[in-house]
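Novice: Curious how this folds, go ahead:
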Amino acid sequence: MKPSSKATRRRFLAAGSSLTVGLTTGVRAGSGTLATGSAPPAPKKEEYGPVVPVLPVPGASFLHAGPLVGHVTSTTAALWAKSSNIGRLDFKVGREADLSDGRIIAGSDLAEESSFTGQVVVDGLKAATRYYYTPLLDGEAAMPRPFPSFETAPITPGTLRVAFGSCVGQRGHLAAAAFGEMAARRNFDMLLMIGDNHYGDTTDPALLRDHYHMHRSVGGFASLIREIPTYAIWDDHDFGPNNSDGTTVGKADSLRVFREWWANPAYGEPDNPGCYFQFSRPGVDFFMLDVRYHRTPNKITDDGSKTMLGSRQLEWLKAALAASKAPFKVIASGSEWQTLTQPDCWSSFSRERQEIFDFITGQGIDGVVLLSGDRHFTAGYQIQERHLEFTSGPLGSGNATLLENPERFTGADEGKLWAVLELEPAASPPRFHYEIWQAGGGLLERRELSYDEVSGRQRISPSPLPLLPERMEKKEGR
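Specialist: Down below sits the predicted model:
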């Protein structure tokens, strides 16, 4: 698209919210469901209403999105914010709620080329300590009191609660119920966004920023990310078009914009781009994968060279797993791992998937938990009677239907869903619980799995299905 046509489009979108946009990419029918029979026609984007373009707002700059708490350690914290226009972004951080003891962390001048986003890394913090903060725009606090806060990571292992989900939907309001309830409960220590964090379906930087801003403006999500450390990887819809892969034109632009809007600890390796990274909490190592940037197209024959991760990322994962001494190793992937799935998942990359599984088994690596998104339902699997996976969603998208699957031991496919893992790595043996949550339905299931079940030495028995809130009557025939 030529710059002039892009500018014309954005002026058209800015003309008024009553205008509709003639784009036709809608909710997936193929990659989100295996249900038999013909799927209902995918809604067109205009049926959801237009996406408001992220344009400079005239006048003095103000807080346009955020702030967001990203990667947090026992001594550091990454903080992010977006302004409405050019200006200087700094942060003030202190232990007193009114920031009377606050120190200023120097940031940077904000530019339209990065949609007026900026971030800093605060250092010199104390472990397991609550800190208050505010963005400063041109030297003035950009938020009123009470100021948001975050807590640094502990040094010794304790109980860690990790929420995760995917598939936020075509428009921000579709995930409002899920994020609103998550924000009200706030019963977890960190949030992992596992992909399809927006449905831009493009690599056009301007359009990507429009979608990021729309979802970053949802009230519950905005409230959560101000205080809960949040980490993100992508899947197809926030990387490029549906089912996109490493051949996608403009993928470097997608990665550049992704880096603008998240505050992860790393983005690939210096000589191997991507959104993958590793981080740790005491007793738990996290390996967040990029399953799009280096991905071979799904339909290519699996002849030994077909890859989802690329050779460099695969070796990085193996080396990091082998070096991990943590009782729990959490591996997050936008694509689902289980066997009886659909083409846009690890089932189309069986050689590479088996290579990872064989490495885990051959190295005697215990405590591995696989996470995924994309599928528009929430489920737990014991793959090949050995490898534990949880897929979680949809936070806002339409639901797909769970089908019979011998690897699955739990699942829910109605409403807006997310999951929480509760990890106690210092217990002997380490303790593991999972929870499945539904917006408006609350806790559908909380269950403990033994460390032998997590590590594949013991079979996991099925949970009762379907999982429904206790107050709801089961439907006839279910």
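
Novice: Let me see the ranges of the strands in the stretch 201-350 of the chain.
Specialist: Across the stretch 201-350 of the chain, reading from the start of the chain, the strands by DSSP state E, counting those that start in this stretch fall at 230-232, 277-281, 284-288, 328-333.

Novice: what element comes up after the longest one heading to the C-terminus?
Specialist: Going back to what we said before, that points to strand 328-333. For strand 328-333, the following helix or strand on the C-terminal side (DSSP states H and E) is helix 350-362.

Novice: Distance from that next one to the middle of the chain?
Specialist: Using CA atoms, centre = their mean, to the nearest Å, we find the averaged C-alpha position of helix 350-362 to lie 24 Å away from the chain's own average C-alpha position.

Novice: ok, back up a step: so which of the strands of the stretch 201-350 of the chain comes closest to N197?
Specialist: strand 230-232 (5.9 Å; CB to CB). No exception for glycine: its C-beta is placed from N, CA and C like everyone else's.

Novice: contacts for that closest one?
Specialist: The contact list for strand 230-232 (CB atoms under 8 Å, 6 or more residues apart in numbering) reads 68-71, 190-193, 197, 224, 258, 262-264, 275, 279, 286, 288.

Novice: run the last query once more with 6 Å
Specialist: Contacts with strand 230-232, where a contact means CB atoms under 6 Å, 6 or more residues apart in numbering, come from L191, L192, M193, N197, W262, N264.

Novice: Nearest spatial neighbour of the fifth one, chain-adjacent residues omitted?
Specialist: It refers to W262. In space, and not counting its chain neighbours, W262 is closest to A232: 4.8 Å by CB to CB, 6 or more residues apart in numbering.

Novice: Likewise for the third one?
Specialist: Computed as CB to CB, 6+ apart, the closest residue to M193 that is not its neighbour in sequence is A232, at 4.0 Å.

Novice: Distance of the one you found relative to M190?
Specialist: When distances are taken as CB to CB, to the nearest Å, A232 and M190 turn out to be 12 Å apart.

Novice: before we move on, what about G118?
Specialist: Relative to M190, G118 is positioned 22 Å away (CB to CB).

Novice: repeat for I86
Specialist: From I86 over to M190 the distance is 33 Å, taken as CB to CB.

Novice: higher neighbour count, these two?
Specialist: Here I86 and M190 are compared on neighbour count by other CB atoms under 10 Å; more neighbours surround M190, at 20 against 13.

Novice: Name all residues that make contact with that one.
Specialist: V162, P229.

Novice: what does the one 5 residues further on give?
Specialist: Under the criterion of CB under 6 Å, 6+ apart, the neighbours of G195 are S166, I233, W234, D235, G334, G373.

Novice: Name the member of those residues with the most neighbours.
Specialist: Each of those was scored by neighbours using other CB under 10 Å; the highest score is S166's, at 32 neighbours.

Novice: gap between the closest residue to that one other than its chain neighbours and I194?
Specialist: With CB to CB, 6+ apart as the measure, G373 is the residue that lies nearest to S166, at 2.4 Å, once sequence neighbours are left out. Here G373 is placed at a distance of 4 Å from I194 (CB to CB).

Novice: At which residues are the helices of the stretch 151-300 of the chain located?
Specialist: Counting by DSSP state H, counting those that start in this stretch, the stretch 151-300 of the chain has helices at residues 176-185, 205-216, 219-225, 236-239, 251-261.

Novice: what about the shortest one, average pLDDT?
Specialist: This points to helix 236-239. For helix 236-239, mean pLDDT rounds to 98.

Novice: tell me how far that helix is from the chain's mean position?
Specialist: In terms of CA atoms, centre = their mean, the centre of helix 236-239 is found 12 Å from the chain centre.

Novice: what does it contact?
Specialist: Residues external to helix 236-239 that are found in contact with it (CB under 6 Å, 6+ apart): D196, N197, H198, Y199, D201, N242, N243, S244, S254, R292.

Novice: and if you look at stretch 450-457?
Specialist: D366, G367, R386, L388, P429, P430, F432, Q458, I460.

Novice: Only the buried subset of those, as a PyMOL command please.
Specialist: Once 16 or more other CB atoms under 10 Å is used to decide burial, the buried members of these can be selected in PyMOL as follows:
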select buried, resi 366+367+388+430+432+460
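
Novice: which residues are in contact with stretch 77-86?
Specialist: 56-57, 61-62, 64-68, 70-71, 91, 110, 116-117, 119-122, 135, 137, 150, 263.

Novice: hang on, the earlier thing: for V120, see how far away the residue nearest to S166 is.
Specialist: Plainly put, G373 is 29 Å away from V120 if you go by CB to CB.

Novice: again, but for I104
Specialist: Here I104 is placed at a distance of 10 Å from V120 (CB to CB).

Novice: And these two? Which one has more around it.
Specialist: Neighbours per residue (other CB under 10 Å) separate I104 from V120, with V120 holding more: 21 against 12.

Novice: hey, what's in contact with both of G373 and I194?
Specialist: S166.

Novice: Now for Q278, how many residues are close by?
Specialist: Other residues near Q278 number 17, with proximity taken as other CB under 10 Å.

Novice: need the strands of the stretch 201-350 of the chain in CSV with distance to V52 and mean pLDDT, can you?
Specialist: Rendered in CSV, the data for the strands of the stretch 201-350 of the chain read as follows (distance: least, CB to CB, whole Å; pLDDT from 0 to 100):
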stretch, distance to V52, mean pLDDT
strand 230-232, 22, 99
strand 277-281, 31, 98
strand 284-288, 30, 99
strand 328-333, 30, 98
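
Novice: wait, which of those is closest to L417?
Specialist: The closest approach between L417 and any of the strands of the stretch 201-350 of the chain, judged by CB to CB, belongs to strand 328-333 at 16.8 Å.

Novice: Report the strands that pair with the closest one, each with its relative direction.
Specialist: Strand pairing for strand 328-333, determined by DSSP bridges: strand 284-288 (parallel), strand 368-372 (parallel).

Novice: Deepest in the core, which of the ones you listed is it.
Specialist: For those, the largest average neighbour count (mean count of other CB atoms under 10 Å) is found in strand 368-372, namely a mean of 26.

Novice: what angle do the one helix or strand V420 maps to and strand 368-372 make?
Specialist: Per DSSP H and E: V420 is located in strand 417-424. If you take axes from the mean of the first three to the mean of the last three CA atoms, to 10 degrees, strand 417-424 sits at 160 degrees to strand 368-372.

Novice: what does strand 417-424 contact?
Specialist: Applying CB under 6 Å, 6+ apart, the external contacts of strand 417-424 come out as 159-165, 188, 284, 328, 378, 390, 392, 431, 433-438.
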